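J.: need the 3D shape of this:
(chains A and B)
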Amino acid sequence: MAFTRLYALGLALLFSVGTALASPPHSLSLSTGIDVPLRTYPAKGNTLLLWFVCDEGHSSNEARTAMEIAAHGYETWFPDMLDAHFLPILPSSLEQLPPDEIREIIAYAIRQSGKKIVLITGGHGATPILRGAKAWQDGVTEQDRNALAGALLFYPDLYSVAPAPGVEAQYHTIVAQTHLPLYIYQGQLSPGRWWLEHLKVEFARGGTKVISSILPKVRSHFYVRPDATEAENAMAEKLPELVLDALKQLEINP
Amino acid sequence: MKKLLLGLFCLFLFSTAHAHELKPWKGGATPPLALKDTSGKIHKLEDYRGKVVMVQFWATWCPPCLKEMPAMQRLEKKMAGKPFAILAVNMGESEKDVSEFVNKMKINFTVLMDEEGNGVGAWKVFVAPSTFLIDPQGNVRYTLQGGAEWDEPVYVKAISELLPAK
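T.: Below is the predicted model of the structure:
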């Protein structure tokens, strides 16, 4: 009997710890009339990560990462822009996201939390969030700009048109307009690996310094792929470490 | 019977609509290509003058690349006896991994190693697979991005039209 009670108490404790880390899902109403579903993982530090969906959707790896890094003091919010607009999980859907709505989310996060903000996304998600970041920067004073501390991009796809073989790649104009500390993770098993330095040169035109790292034995979207290999699953397990390491190298403390 | 024929017709339309299109080359002069095969022999593109050459950039981690390999094998068989060659350039993998894959898949055409990505850079390859068709004079004529059933009539015809006149 005593053992049963102890077991029940243990389960209750485990449950309470788990739920304490993730706040109940709610939504954020934007001035455009859009309600953005928001999952938040509070933490005590002074940095908040705004993690936007990529073109393969969200996975449980991101939520697990948010829980783990919360223990290091980093708070994470997941605004689901595709769900807010009833858009399918596709690269073309991300292209349609209004930069002003991203700007408004950044402004809300700063206002509401008082913390410095770091943006995270992957693949085609990079274009709308960088556009949103610029829209936010353009609307604040030079002094206030520091509240947006940087961005972490996983395998960003920033081509304005699908690159044709033999033809110089064209990037979205936002690449050369971005002025934000950036960290890029690129999978080794991706043609993007060979063009990372090329992309960094394009970012440098806007005054952005990019720190980057090639992740061995993984393809793009490694942490959201339904057909992930053993190596990709192993790398996805390390997602919290990858995020923490990028933040450390960007010198963004919790 | 009518329904069956209609179904087959629709299937034909669907399959042809989804075939990737060969696009005329717009990249200027033919980029250089001099790479080792899996046994260490250097292959230069200029050594293939007089032949139509298919230069394909691929990787073992790329599903469309693997899907099109059997079609490339069939294409090579169809073109047997004609001045045609396939150079399949592996994008940055180790010789061991590539050799294992080539043996497993029983690939007969020439596989080249581009471990440093020099070919990828010179040929401006952004997507795997990317394929280039080179005429007997050494000029790139067509490109195709993504996988293809290379033994389909549309591709065989395009390649055959590039062959030197007898």
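J.: does chain A sit close to stretch B:101-111?
T.: No: Stretch B:101-111 does not reach chain A (C-beta under 8 Å from any C-beta of the partner chain); its nearest approach is 13.4 Å. Where C-beta positions appear, they are placed from N, C-alpha and C, glycine not excepted.
J.: who's in contact with that stretch?
T.: Residues from elsewhere that reach stretch B:101-111 (C-beta atoms under 8 Å, 6 or more residues apart in numbering or on different chains): B:37-38, B:43, B:60, B:66, B:69, B:72-73, B:76, B:85-90, B:98.
J.: may I ask which of those residues has the most neighbours?
T.: B:N90 (27 neighbours; other C-beta atoms under 10 Å in any protein chain shown).
J.: so who does that one touch?
T.: B:58-60, B:98, B:111-114.
J.: rerun at 10 Å
T.: B:35, B:37-38, B:56-60, B:65, B:97-98, B:101-102, B:111-115, B:119, B:128 (C-beta atoms under 10 Å, 6 or more residues apart in numbering or on different chains).
J.: in strands, which of those residues appear?
T.: Counting by DSSP state E, the part of those found in strands is B:35, B:37, B:56-58, B:111-114.
J.: for chain A, give me its nearest residue in chain B.
T.: Relative to chain A, the nearest point of chain B is B:G27 (3.2 Å; C-beta to the nearest C-beta).
J.: quick check: nearest residue in space to A:G166, chain neighbours excluded?
T.: B:G27 (3.2 Å; C-beta to C-beta, 6 or more residues apart in numbering or on different chains).
J.: secondary structure class of A:I129, three-state.
T.: helix (DSSP: H, G, I helix; E, B strand; the rest coil).
J.: test my guess that it contacts A:G123.
T.: No: the pair A:I129 / A:G123 is not scored as a contact, 11.2 Å apart, by C-beta atoms under 10 Å.
J.: and the two? Which one has more around it.
T.: A:I129 (27 against 22).
J.: what's the farthest-apart pair in the ones in strands among the contacts of B:N90?
T.: B:D37 and B:F57 (15.0 Å; C-beta to C-beta).
J.: low-confidence regions, the chain specifically.
T.: I'll assume chain A. A:1-21 (pLDDT under 70).
J.: my question was about chain B
T.: For chain B (pLDDT under 70), the answer is B:1-19.
J.: check contacts around the residue nearest the centre of it.
T.: Nearest to the mean C-alpha position of chain B, by C-alpha atoms, centre = their mean, lies B:Q56 at 3.9 Å. Going by C-beta under 10 Å, 6+ apart, B:Q56 touches B:65, B:68-69, B:72, B:86-90, B:109, B:111-112, B:125, B:128-133, B:144, B:147-148, B:150.
J.: same question for B:D135.
T.: Per C-beta under 10 Å, 6+ apart, neighbours of B:D135: B:25, B:30, B:49, B:51-53, B:141-142, B:159, B:161-164.
J.: if we use 6 Å, what do you get?
T.: Each residue near B:D135 by C-beta atoms under 6 Å, 6 or more residues apart in numbering or on different chains is listed here: B:141, B:162.
J.: can you classify whichever residue of the stretch 51-200 of chain A sits closest to chain B as helix, strand or coil?
T.: Closest to chain B within the stretch 51-200 of chain A is A:G166: 3.2 Å, counting by C-beta to the nearest C-beta. Assigned with three-state DSSP, A:G166 falls in the coil class.
J.: okay, now it: neighbour count?
T.: For A:G166, using other C-beta under 10 Å, the count is 22.
J.: let me see the contact set for it.
T.: For A:G166, the contacting residues are B:27, B:124, B:143, by C-beta under 6 Å, 6+ apart.
J.: okay if I get the residues you listed as JSON lines plus neighbour count and secondary structure?
T.: Compiled in JSON lines, those are given as follows (neighbours: other C-beta atoms under 10 Å in any protein chain shown; DSSP: H, G, I helix; E, B strand; the rest coil):
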{"residue": "B:G27", "neighbour count": "16", "secondary structure": "coil"}
{"residue": "B:K124", "neighbour count": "20", "secondary structure": "coil"}
{"residue": "B:T143", "neighbour count": "24", "secondary structure": "strand"}
